[in-house]
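Visitor: I need the structure of the sequence given here:
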Amino acid sequence: MNVEQFESIGLWLGLGALYIFIVLAIRDVLKKSQAPKIGQFFVWLVLFLSPLVFIVKSVMQYFFE
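Guide: Numbers count the residues shown, from 1 in each chain. Predicted structure coming up:
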């Protein structure tokens, strides 16, 4: 395994772990704040669309190289 592969794997694992912590924190805040269902829907929508953009960007870079 070369350095570039190690950095790529580390980036994906690190971002995955960070994202899990963000999801847990937002879930706790939404539960404690008694936010309306429509507000919770948009919070989760934005939260799950953000990593999707990162994944699409990575896939597009792979195909354009």
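Visitor: what ranges of the chain fall below the confidence cut-off?
Guide: Of all residues in the chain, none has pLDDT under 70.
Visitor: quick one, helices of this protein?
Guide: 3-33, 37-64 (DSSP state H).
Visitor: Let's have those in JSON lines, adding mean neighbour count.
Guide: All C-beta atoms are positioned from the backbone trio N, CA, C, and that covers glycine. Shown next, in JSON lines, are those (neighbours: other C-beta atoms under 10 Å):
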{"stretch": "helix 3-33", "mean neighbour count": "11"}
{"stretch": "helix 37-64", "mean neighbour count": "10"}
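Visitor: Contact partners for the closest residue to I22 other than its chain neighbours?
Guide: Spatial nearest neighbour of I22, excluding adjacent residues (C-beta to C-beta, 6 or more residues apart in numbering): L47 at 7.3 Å. Residues in contact with L47 (C-beta atoms under 8 Å, 6 or more residues apart in numbering) are 22-23, 26.
Visitor: L47 and Y19: what is the separation?
Guide: Taking C-beta to C-beta, to the nearest Å as the measure, L47 and Y19 are separated by 9 Å.
Visitor: likewise Q40?
Guide: Using C-beta to C-beta, one obtains 18 Å as the distance from Q40 to Y19.
Visitor: Repeat that for S50.
Guide: Separation of S50 from Y19 (C-beta to C-beta) stands at 9 Å.
Visitor: With V53 instead?
Guide: V53 sits 13 Å away from Y19, going by C-beta to C-beta.
Visitor: Kindly report the same for I9.
Guide: 16 Å.
Visitor: Next: V56.
Guide: Using C-beta to C-beta, we find V56 at a distance of 16 Å from Y19.
Visitor: Nearest residue to the middle of the chain?
Guide: P51 (3.8 Å; C-alpha atoms, centre = their mean).
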